[in-house]
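Asker: Next come a sequence and a model predicted from it.
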Amino acid sequence: MSTLPSTQSTESPATGTARVKRGMAEQLKGGVIMDVVDAEQAKIAEDAGAVAVMALERVPADIRKDGGVARMSDPDMIEEIIGAVSIPVMAKSRIGHFVEAQVLQSLGVDYIDESEVLTPADEVNHSDKFAFTTPFVCGATNLGEALRRIAEGAAMIRSKGEAGTGNVVEAVRHLRQIKNEIARLRGYDNNELYAAAKDLRAPYELVKEVAELGRLPVVLFSAGGVATPADAALMRQLGAEGVFVGSGIFKSGDPAKRAAAIVKATTFYDDPKVIADASRNLGEAMVGINCDTLPEAERYANRGW
Amino acid sequence: MTDTPVIGVLALQGDVREHLIALASADAVARPVRRPEELAEVDGLVIPGGESTTMSKLAVLFGMMEPLRARVAAGMPVYGTCAGMILLADEILDPSPSSPSRSSGGYPISGQETVGGIDMIVRRNAFGRQNESFEAAVEVDGVPGGSVEGVFIRAPWVESVGAAVDVIATHGGHIVAVRQGNALATSFHPELTGDHRVHALFVDMVRAVGRLDPGRISRVRIDSGDAKEKADVRPL
């Protein structure tokens, strides 16, 4: 068991430390984080039992439909959502767009999602997340990607999935990939970990830490394609510590009911009876997209590196 | 060991695993509790950090709120951290417009249900939003060996307490830890630090009350029965 050295001093309280950033994500575990585009949706999410909301201009399904460049949301909209709910509010910046992230921090959001769902602003560099007091969550499709984001300062990771499709297949693929790579590291001896770090293109210290812990050193959620209570429970049983639900709720027939049902199934993810009850009479699910018909350029998971 | 107390961690949502590990390190048998029948089997209960609104809703929804109130009223030792402190408050307030959590406007009224048990008024997110979350050393009465590392995350503080409540820690002039009889609450998260002295204090409180029904405990069980979890403390 290892612990990060405390950066506190007895005189002045320390903000923005790794402990308070990662610790914030620990408080979200077992919960559902919901995409919302206005204060009314944020209230519905809070009433349904969401642990946090993600404020964004358009849900991923609409970003797909509308096309064009997807950017950080209007500060007015974000502040309106912050004012409407008492649960934490997250918001998205474009990959590498550290000025959008600065703006989000100044607005007082509780977490910044440097997200592939928005159009990347930099095709080489992600934002330096250590430069912020506000913690970051980032997407990953595999272990190396997750560790590179953590090396840049991410305090929480979500497997990417394929946002806005209502199809859980990519979420399953990415979470399984991360879990499998971690399991493999567990079996390596010290000699092999150096080569593993090279293959993963990740810092050796982080690779060694993951090998020892058998998990990421930060909280791991799942995202991108969860549309039903059973989808959420599936991701939990596969090892996600919580789920992000984007288009799946507010693109469905009865958002309030579906949101509450997904929360229930996330808490009792290992109890099929509860999941069955939660799945009854939810009305129309979002239509969904078959991921194998998505052109390469429309695969958000390929963004980020 | 028949005198090893069995302590549950309310596992509806939040940093459950960290509490299970801290309790196991403090020589208790720790197990997650999500159902009334699981609550009936523990000698004491930790209400973890998390989102208090979510936990409260899930407790009502899954029939846990009344059993929780009944056990706490009957004197079961209980310890709440952060969201857990909010749930143990007899009364809660939302952050005031003047608190650093809001630069403008008022705050919505939560109307959230609590378990109660401690005669105190707790203000949610009183220290601010995540950007104001902080670490500071805190002296806690009853915890030997010097100050503990207080990790405050969107933390509440205690606005006022009744006569039966002992204030055991303050920070910046605000009450951040209290004890009333068998109930303990902290605004901060000892479970995130690897220092288990506050949990040891709570385990002692449970031990002092005694085992519910010695002999019914099978074995140590950590989170979903996964024994591997025991060794895995996430570094923070």
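Answerer: Looks like it arrived, so ask away. Residues are numbered from 1 along each chain as shown, chains lettered A, B, ... in the order given.

Asker: just checking, what packs against the host helix or strand of A:A101?
Answerer: Secondary structure from DSSP states H and E places A:A101 in helix A:98-107. On a contact count with 3 or more C-beta pairs under 8 Å, 6 or more residues apart in numbering or on different chains; DSSP states H and E, helix A:98-107 meets helix A:75-84, strand A:89-94, strand A:111-115. Heads up, the C-betas are built off the backbone N, CA and C, glycines and all.

Asker: Can you list the neighbours in contact with the longest one?
Answerer: Counting by C-beta atoms under 8 Å, 6 or more residues apart in numbering or on different chains, helix A:75-84 makes contact with A:36-40, A:42-43, A:53, A:55, A:57, A:89, A:91, A:103-104, A:107-109, B:102, B:104-105, B:108, all of which sit outside it.

Asker: May I have it exported as PDB, CA atoms only?
Answerer: The C-alpha trace of helix A:75-84 is given here as PDB (Å, rounded to 0.1, in the frame of the first residue of the first chain):
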ATOM      1  CA  PRO A  75     -20.600  30.100 -20.100                       C
ATOM      2  CA  ASP A  76     -24.100  31.300 -19.400                       C
ATOM      3  CA  MET A  77     -25.500  27.800 -19.900                       C
ATOM      4  CA  ILE A  78     -22.800  26.300 -17.700                       C
ATOM      5  CA  GLU A  79     -23.500  28.900 -14.900                       C
ATOM      6  CA  GLU A  80     -27.200  28.300 -15.200                       C
ATOM      7  CA  ILE A  81     -26.700  24.600 -14.600                       C
ATOM      8  CA  ILE A  82     -24.300  25.300 -11.700                       C
ATOM      9  CA  GLY A  83     -27.000  27.400 -10.200                       C
ATOM     10  CA  ALA A  84     -29.800  24.900 -10.700                       C
END
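
Asker: Pull out the buried positions in that helix.
Answerer: Under the neighbour-count criterion of 16 or more other C-beta atoms under 10 Å in any protein chain shown, helix A:75-84 has A:77-84 buried.

Asker: May I see the residues you listed organised as JSON lines, with distance to B:A30 and pLDDT added?
Answerer: As requested, those are exported to JSON lines (distance: C-beta to C-beta, whole Å; pLDDT from 0 to 100):
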{"residue": "A:M77", "distance to B:A30": "43", "pLDDT": "96"}
{"residue": "A:I78", "distance to B:A30": "40", "pLDDT": "97"}
{"residue": "A:E79", "distance to B:A30": "41", "pLDDT": "96"}
{"residue": "A:E80", "distance to B:A30": "42", "pLDDT": "96"}
{"residue": "A:I81", "distance to B:A30": "37", "pLDDT": "97"}
{"residue": "A:I82", "distance to B:A30": "36", "pLDDT": "96"}
{"residue": "A:G83", "distance to B:A30": "39", "pLDDT": "95"}
{"residue": "A:A84", "distance to B:A30": "37", "pLDDT": "95"}
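
Asker: which one of the residues you listed is nearest chain B?
Answerer: A:G83 (5.3 Å; C-beta to the nearest C-beta).

Asker: quick one: the closest one from B:W157, how far?
Answerer: 22 Å (C-beta to C-beta, to the nearest Å).

Asker: thinking again about what came up before, if any of the contacts of helix A:75-84 are buried, give me the ChimeraX selection for them.
Answerer: Per 16+ other C-beta under 10 Å, the buried members of the contacts of helix A:75-84 correspond to this ChimeraX selection:
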select /A:36,37,39,42,43,53,55,57,89,91,103,104,107,108,109 /B:102
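
Asker: if you look at the contacts of helix A:75-84, which of them are in helices?
Answerer: A:39-40, A:42-43, A:103-104, A:107 (DSSP state H).

Asker: for the residue minimising distance to the centre of chain B, which residues make a bridge with it?
Answerer: Geometric centre of chain B, nearest residue: B:G80, 1.5 Å, by C-alpha atoms, centre = their mean. Beta bridges link B:G80 to B:I47, B:A185, judged by DSSP bridges.

Asker: Surely it and B:S187 touch.
Answerer: No: contact criterion C-beta atoms under 8 Å: B:G80 and B:S187 do not qualify, at 9.8 Å.

Asker: hey, where'd the strands end up in chain B?
Answerer: B:6-10, B:29-33, B:44-47, B:78-81, B:89-93, B:118-123, B:134-138, B:148-152, B:157-161, B:166-171, B:174-180, B:183-186 (DSSP state E).

Asker: can you check chain A too?
Answerer: A:14-15, A:32-36, A:52-55, A:89-94, A:111-115, A:136-140, A:156-159, A:219-222, A:243-245.

Asker: Let's have the ones you listed in TSV, adding mean pLDDT and distance to A:N281.
Answerer: TSV is the format used below for the strands of chain A (pLDDT from 0 to 100; distance: least, C-beta to C-beta, whole Å):
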stretch	mean pLDDT	distance to A:N281
strand A:14-15	96	46
strand A:32-36	97	19
strand A:52-55	96	25
strand A:89-94	97	30
strand A:111-115	97	32
strand A:136-140	98	33
strand A:156-159	97	29
strand A:219-222	98	25
strand A:243-245	97	19
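
Asker: Between those, which one is closest to B:F152.
Answerer: strand A:14-15 (9.6 Å; C-beta to C-beta).

Asker: and that closest one, what does it pack onto?
Answerer: strand B:134-138.

Asker: Paired strands for the strand it packs on, with orientation please.
Answerer: Going by DSSP bridges, the partners of strand B:134-138 are strand A:14-15 (antiparallel), strand B:148-152 (antiparallel).

Asker: Which residues does the longest one contact?
Answerer: With C-beta under 8 Å, 6+ apart as the contact definition, strand B:148-152 has outside contacts at A:6, A:8, A:13, A:19-20, A:23, B:127, B:133-138, B:140, B:169, B:171, B:176, B:186-190, B:192-193, B:195, B:197-198, B:236.

Asker: Perfect, I'm done here.
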